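Trainee: sequence and computational prediction follow.
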Amino acid sequence: MRDIYEANPLLLEVSFAAGYDGLSSMLTTTYSMEGDRLEILLVYRRVESLRQFGRTLETDSSNRGILPNVDAVIRRSMEVKVGTILHKEFAGHGVFKGRVSKIDRTDPTELVYDITYDDGDSETMQLAEIRPCLDVSADPMRKYAVTELLGAYKYLEKRLTGECDRSYDCTQTYLVYEVAQLFDPSFLLENAVDAAAVQRLAAITPVARAAGGKLTRC
């Protein structure tokens with residue numbers, strides 16, 4: 001850690017930020033599933049949430065904003081100059097792409113930036129207003145963070161889909177978690193459950209055995 005800090009302190013900051021943004025949810029999910037009560041009813045939905053985060057992370061076009069601390073660290077280190085790209089959200093109108101077209105240096109202590117948007121509109125902003133809007137999607141440090149985080153989510157995906165050594169295959173266990181949701185009253189209220197869904201309970205060995213090995217329509 002000291003070597004990294006001395007060579008590239010920004011890399012260390014980004015690494016810590018990436019760990020928080022991308023892995024803290026894994027830790028909290030793990031802890032929330034500990035217990036011997038009704039946690040089993042919630043496992044599938046919570047893990048699916050993690051999987052969705054991983055899919056979003058892998059899609060460059062939709063992962064803007066899902067690593068807020070990484071983005072903030074990188075933005076803080078960026079030099080804002082003519083041509084710098086930003087994305088600003090206008091309430092009720094969406095997000096618009098713009099770029100710095102001019103910098104007014106009349107007051108060296110408070111630079112004023114002219115911003116021109118792709119739709120032709122323009123406005124002036126100060127540095128504190130620009131920072132949160134800076135586009136960091138193409139920044140090498142952010143790409144590094146995304147690549148490293150994806151390793152964890154791809155590993156999770158392989159464990160859940162059986163694309164791994166047999167001893168680490170969790171497909172059957174994950175199927176049990178999925179069908180166990182049928183014992184959750186809130187799940188039944190929110191989803192249409194038919195006979196085919198009930199028959200999937202055969203994935204739970206004790207249930208299948210209790211039904212004589214056959215689950216039929218009630």
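Mentor: Arrived safely. Numbers count the residues shown, from 1 in each chain.

Trainee: the helix or strand hosting Glu157 - contacts with which helices or strands?
Mentor: Element membership for Glu157, per DSSP states H and E: helix 140-161. Counting contacts by 3 or more CB pairs under 8 Å, 6 or more residues apart in numbering; DSSP states H and E, helix 140-161 is packed against helix 9-32, helix 40-58, helix 68-77, helix 171-179. (Each C-beta comes from the backbone N, C-alpha and C, glycine too.)

Trainee: any idea of the angle that helix forms with helix 171-179?
Mentor: Angle of helix 140-161 versus helix 171-179, following axes from the mean of the first three to the mean of the last three CA atoms, to 10 degrees, is 90 degrees.

Trainee: if Val112 is in a bridge, with which residues?
Mentor: When assigned by DSSP bridges, Val112 has beta-bridge partners Asp104, Gln126.

Trainee: wait, what's in contact with it?
Mentor: With contact taken as CB atoms under 8 Å, 6 or more residues apart in numbering, Val112 is in contact with Ile103, Asp104, Thr106, Thr124, Met125, Gln126.

Trainee: if we go to 10 Å?
Mentor: Lys102, Ile103, Asp104, Arg105, Thr106, Thr124, Met125, Gln126, Leu127 (CB atoms under 10 Å, 6 or more residues apart in numbering).

Trainee: out of these, which is most surrounded?
Mentor: Counting neighbours by other CB atoms under 10 Å, the top entry in the contacts of Val112 is Met125, with 19 neighbours.

Trainee: quick one: which of the contacts of Val112 is nearest Ser15?
Mentor: Leu127 (25.9 Å; CB to CB).

Trainee: quick check, the closest one in contact with Val80.
Mentor: Yes - the pair Leu127 and Val80 passes the contact test of CB atoms under 10 Å, sitting 6.4 Å apart.

Trainee: so what sits against both of the two?
Mentor: Counting by CB under 10 Å, 6+ apart, the residues touching both Leu127 and Val80 are Ile103, Leu111, Tyr113.

Trainee: residues in contact with the last one?
Mentor: Translated: Tyr113. Tyr113 sits next to 80-82, 84, 86, 100-104, 123-127, 129-130 when contact means CB under 10 Å, 6+ apart.

Trainee: buried sites along the helix or strand harbouring Lys102?
Mentor: For Lys102, the element it lies in under DSSP H and E is strand 94-104. In terms of neighbour count (16 or more other CB atoms under 10 Å), strand 94-104 has its buried residues at Phe96, Gly98, Val100.

Trainee: and stretch 5-12, by the same measure?
Mentor: Across stretch 5-12, burial judged by 16+ other CB under 10 Å covers Leu12.

Trainee: what do you get for stretch 173-188?
Mentor: Tyr174, Val176, Tyr177, Glu178, Val179, Ala180, Gln181, Leu182, Asp184, Phe187.

Trainee: that stretch spans what distance, first to last residue?
Mentor: 21 Å (CA to CA, to the nearest Å).

Trainee: where does Thr59 land on pLDDT?
Mentor: On pLDDT, Thr59 comes in at 82.

Trainee: from the buried residues of strand 94-104, pick the one nearest Ala197.
Mentor: Comparing those against Ala197 with CB to CB places Phe96 closest, at 44.5 Å.

Trainee: not counting sequence-adjacent ones, nearest residue to the most centrally placed residue in the chain?
Mentor: Centroid check for the chain by CA atoms, centre = their mean gives Phe53 as the closest residue, at 3.4 Å. Closest residue to Phe53 apart from its sequence neighbours, by CB to CB, 6 or more residues apart in numbering: Ser25 at 6.6 Å.
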